[in-house]
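**Q** Quick one, what's the 3D model for this:
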Amino acid sequence: MSSPAASPADRVSTAVDGVEVLGALSPSRAGDFMTCPLMYRFRTIDRLPEEPSPDAVRGTVVHKVLEDLFDLPAPDRTPDVAADMLVPSWEALLEASPEVAGMFGDEGPDVASWLTSCRQVLDRYFTLEDPRRLEPAERELYVETVLDSRLLLRGFVDRLDVAPDGRVRVVDYKSGRSPAVGFEAKALFQMKFYALVLWRTRGVLPSVLQLVYLGNGEILRYEPDEADLLATERKVEAVWRAIQECERTGDWRPSPSRLCDWCSYKPYCPSYGGTPPPLPERVPVPDPSGDLDTDEGVTAR
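**A** As a prediction, the model looks like this:
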């Protein structure tokens with residue numbers, strides 16, 4: 001996806017509207033740490049390269065098409081037009097990130113079948129929403145706020161819908177499948193994070209948080225209240241304190257799980273016989289939100 005404009009918190013202890021922030025956190029990086037502190041370290045501190053995957057790149061391309069679709073007049077927002085936008089979006093990504101071509105090697109998919117899978121994901125979107133009846137207020141919206149603790153929260157919202165009566169709906173597209181019943185909390189944390197930032201900056205509590213799962217054609221909706229967002233704020237603060245403790249001690253422990261099967265860092269992980277590289281010298285500590293990578297995609301958003 002497109003890179004954001006320079007953030008006022010590219011470094012720790014940078015002034016944001018006159019406030020010296022202690023650090024910055026995005027929902028993706030907070031999610032990384034909660035999943036596995038060592039993965040967080042590899043991704044955010046060591047900045048180890050990750051191999052692009054067909055699934056992640058599919059998410060990037062589909063997100064771009066859905067973003068650009070709303071630039072068109074409402075009657076033109078059809079499945080066929082969206083399909084015509086696929087190849088140009090893919091070619092633009094390939095030009096910006098030539099390394100993604102490496103996923104189409106001897107063991108990877110061929111480009112034609114992969115683009116067909118992108119088309120299938122896009123077609124599924126049209127079974128869930130009719131974009132001809134929607135006029136989003138914002139797309140790929142960069143949001144940030146500073147908490148009383150001077151921790152900067154920031155991220156990108158895929159889509160923001162505002163009703164005539166002022167009600168706000170936060171929408172996020174996921175190219176994968178919806179979580180099983182009882183496992184929605186991780187996905188909703190990201191949305192509550194966005195809702196918290198919007199509440200703090202706009203003074204409006206979002207009415208609906210909506211996750212659109214294009215992998216299996218389901219929509220997860222949640223109606224937050226103030227208690228939800230205050231609890232999210234406390235959770236984010238706790239995550240930040242835990243990150244600071246790892247920074248202080250240098251103890252970034254792995255948390256093995258089934259997700260390890262998809263992790264690019266297994267060769268460096270002691271749980272799989274690997275050896276982490278030496279911690280880089282960090283004076284001052286870089287912004288712990290990294291490049292604001294989100295759950296979808298291969299480039300900063």
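**Q** Would you check the distance separating stretch 188-200 from the middle of the chain?
**A** Stretch 188-200 has its C-alpha centroid displaced from the chain centroid by 13 Å (Cα atoms, centre = their mean, to the nearest Å).
**Q** Please name the residues that touch the closest residue to residue 218 other than its chain neighbours.
**A** Closest residue to residue 218 apart from its sequence neighbours, by Cβ to Cβ, 6 or more residues apart in numbering: residue 178 at 4.3 Å. Using the backbone N, CA and C atoms, a C-beta is placed for each residue, glycine as well. For residue 178, the contacting residues are 211, 213, 215-216, 218, 220, by Cβ atoms under 8 Å, 6 or more residues apart in numbering.
**Q** residue ranges with poor pLDDT in the protein?
**A** Low-confidence segments of the chain, defined by pLDDT under 70: 1-18, 106-108, 282-301.
**Q** any chance you could map the strands in it?
**A** For the chain, strands defined by DSSP state E occupy the ranges 15-16, 19-20, 23-25, 138-146, 151-162, 168-174, 208-213, 218-222.
**Q** Show me what counts as buried in the longest one.
**A** Judged by neighbour count using 16 or more other Cβ atoms under 10 Å, the buried positions of strand 151-162 are 151-161.
**Q** Closest one to residue 203 out of those residues, please.
**A** residue 160 (14.8 Å; Cβ to Cβ).
**Q** isn't the closest one right next to residue 167, touching?
**A** No: counting by Cβ atoms under 8 Å, residue 160 stays clear of residue 167, with 11.3 Å between them.
**Q** unless I'm mixing things up, residue 33 is touching residue 242, no?
**A** Yes: between residue 33 and residue 242 there is a contact under Cβ under 8 Å: 7.0 Å.
**Q** Looking at the two, which is more packed in?
**A** Remark: of residue 33 and residue 242, residue 33 carries more neighbours, 23 against 14, as counted by other Cβ atoms under 10 Å.
**Q** check contacts around the closest residue to that one other than its chain neighbours.
**A** Spatial nearest neighbour of residue 33, excluding adjacent residues (Cβ to Cβ, 6+ apart): residue 40 at 4.1 Å. Residues counted as contacts of residue 40 (Cβ under 8 Å, 6+ apart) are 29, 32-33, 243, 252.
**Q** ok, the contacts of residue 178 vs residue 147, which is closest?
**A** Minimum distance to residue 147 across the contacts of residue 178 is 24.4 Å, recorded for residue 211 (Cβ to Cβ).
**Q** Test my guess that the closest one contacts residue 175.
**A** No: the pair residue 211 / residue 175 is not scored as a contact, 11.6 Å apart, by Cβ under 8 Å.
**Q** ok now do residue 199, which residues does it touch?
**A** Residues in contact with residue 199 (Cβ under 8 Å, 6+ apart) are 205-206, 229.
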